[in-house]
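Student: pasted the sequence and its predicted model underneath.
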Amino acid sequence: MKKSIFITIALLLVSVFAHAQWTTTGSLTTITNTVGIGTTAPSYPFHLYNTTARSTNSGGSVDFGLDSYNNNLVGSRLYFGRSRGTLAAPLVVQNGDYLSLLDFYGHDGTTAQRAGQLIFKVDGTPASGIVPGAFLFTTVGSDGVNAERMRISSGGNVGVAAPAPISTFQVNSGPYKFSAGGCPGGDLHYGTAYIGFNAARIGRGNSANWTIEGDGSHNGGGVIYSDVAGTLYLAPIPSVGTTTRTLTDIDIKNNITFRVDANGTTYAKAIAVQTTGWPDYVFKKDYTLPSLTDVKTYIDQNQHLPEIPSAQQIEKDGVNVGEMNRLLLKKVEELTLYLIEKDKQDTEKNKLLQALQARVSELEKNNSK
């Protein structure tokens, strides 16, 4: 009986090992050897190697490894690798190839559903010693679509809702883009950084240019930037067509219409201030013009004109440009009415003087007879 039991156990063990052909290097519990899955020569403490195609962007082989370093610069790392060709004859990866991705899933009550991905792919043409790469971040929206939301390109540009960012930082694409980046160079008064509205600066120094895109109807935008002296510039870019155009730094500088110096002094080509209550009512028949006697009394008591802010108020609160222009115009209109009244009085006095002079002349003439 015992003999038959041992024979049965032996057959079961043979059956198990016949269906599970493991190839190991060393022990799974040792700290001195490595573990390889899909490879008999693992390059890392844990090495997963796969040549099975799982997408249209496939071919070649991929591997994944866990590694650690005993130094002050590097701790542990995850390794993701990809090549085209075969295991024996690997070939260069191509622009657009996915090198690795992290997939994030959540259960919807029925099954696990993808919620987002972190993807690393080739971003450009590889060369000897160089494989340009880009990070892509995707999320699944309320519509169930897994879409790219942000990327970091091989050139270091960051795009949010912009799959091909052309500026250092860009939100949206086409004529609706918002850009930010550096703008050094003498042609921009040695600028520091800018924000652009449908205006992206590409390149460095005086060789850089600006891309302004069109929507089929217009191709305008604008730039705000500062220089190393602390001056702030605003440069609107008027629309002159319907398609994409390229501008230089000098073009941007020539479009500056507003400037704020570091000391707060502001320069503009023109300023339009909208206001209400414009004092045309001063010239209406029912307007009561203050007497000059009352105005003099007010000035003697307050040392400024009626309705006009005092020097202390201006120093404390500043000047409301629209309101001040309205009040000054009112005083000019009142002064005009005073002058008209004065002119009327002078005219009447001149007439009276002429009449008196004529009377005197007549009396002198009669007396001389």
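Tutor: Cool, the structure landed.

Student: report how many residues lie close to Ile252.
Tutor: In terms of burial, Ile252 registers 27 neighbours under the definition other C-beta atoms under 10 Å. Heads up, the C-betas are built off the backbone N, CA and C, glycines and all.

Student: kindly report the same for His218.
Tutor: Here the number of neighbours of His218 (other C-beta under 10 Å) works out to 14.

Student: neighbours of Ala89, just the number please.
Tutor: A count of neighbours around Ala89, defined by other C-beta under 10 Å, yields 9.

Student: with Leu328 instead?
Tutor: Applying the criterion other C-beta under 10 Å, we find 13 residues in the vicinity of Leu328.

Student: what do you get for Ala162?
Tutor: When counting by other C-beta under 10 Å, one arrives at 26 neighbours for Ala162.

Student: can you tell me the closest non-neighbouring residue to Phe169?
Tutor: Ala180 (4.4 Å; C-beta to C-beta, 6 or more residues apart in numbering).

Student: quick check, the one you found in a strand?
Tutor: Yes: checked against DSSP: H, G, I helix; E, B strand; the rest coil, Ala180 lies within a strand.

Student: what count of nearby residues applies to it?
Tutor: Per other C-beta under 10 Å, the neighbour tally for Ala180 reads 17.

Student: OK, contacts around it?
Tutor: Remark: with contacts taken as C-beta atoms under 8 Å, 6 or more residues apart in numbering, Ala180 is in contact with Ser167, Thr168, Phe169, Gln170, Ala193, Tyr194, Ile195, Gly196.

Student: what bridges to it?
Tutor: Counting by DSSP bridges, Ala180 forms beta bridges with Phe169, Ile195.

Student: helices along this protein, start to end?
Tutor: Using DSSP state H, the helices of the chain run over 2-19, 249-254, 292-302, 311-317, 321-367.

Student: make JSON lines from these and add mean pLDDT and distance to Lys284 to it.
Tutor: Written out in JSON lines, the entries for the helices of the chain read as follows (pLDDT from 0 to 100; distance: least, C-beta to C-beta, whole Å):
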{"stretch": "helix 2-19", "mean pLDDT": "40", "distance to Lys284": "107"}
{"stretch": "helix 249-254", "mean pLDDT": "96", "distance to Lys284": "47"}
{"stretch": "helix 292-302", "mean pLDDT": "95", "distance to Lys284": "20"}
{"stretch": "helix 311-317", "mean pLDDT": "94", "distance to Lys284": "29"}
{"stretch": "helix 321-367", "mean pLDDT": "92", "distance to Lys284": "11"}
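
Student: mind putting those into TSV with distance to Ser61?
Tutor: Converted to TSV, those look like this (distance: least, C-beta to C-beta, whole Å):
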stretch	distance to Ser61
helix 2-19	26
helix 249-254	48
helix 292-302	91
helix 311-317	74
helix 321-367	71
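
Student: tell me the most buried of those helices?
Tutor: For the helices of the chain, the largest average neighbour count (mean count of other C-beta atoms under 10 Å) is found in helix 249-254, namely a mean of 17.

Student: just checking, what packs against that helix?
Tutor: Applying 3 or more C-beta pairs under 8 Å, 6 or more residues apart in numbering; DSSP states H and E, one finds that helix 249-254 makes contact with strand 209-212, strand 232-237.

Student: out of those strands, which one sits most buried?
Tutor: Relative to the other members of the helices and strands packed on helix 249-254, strand 209-212 carries the highest mean neighbour count by mean count of other C-beta under 10 Å, namely a mean of 21.

Student: average pLDDT for it?
Tutor: What strand 209-212 shows for mean pLDDT is 96.

Student: list the contacts of that strand.
Tutor: 166, 196, 198-203, 219-221, 223, 237, 244-249, 251-252.

Student: which among these end up buried?
Tutor: Among the contacts of strand 209-212, the ones that count as buried by 16 or more other C-beta atoms under 10 Å are 166, 196, 198-202, 219-221, 223, 237, 245, 247, 249, 251-252.

Student: wait, doesn't Phe178 sit right on Ile195?
Tutor: Yes: here Phe178 lies in contact with Ile195, judged by C-beta atoms under 8 Å, at a distance of 7.1 Å.

Student: for His159, give me its contacts.
Tutor: If you look again at residue 159, you'll see it is Gly, not His. Contact analysis of Gly159 by C-beta under 8 Å, 6+ apart lists Met150, Arg151, Ile152, Ser153, Pro165, Gln170, Val171, Ser173.

Student: which two among those are spaced furthest apart?
Tutor: In these, the most distant members under the criterion C-beta to C-beta are Ile152 and Ser173, with 15.8 Å between them.

Student: what stretches of the stretch 51-200 of the chain score poorly on pLDDT?
Tutor: 51-60, 70-74 (pLDDT under 70).
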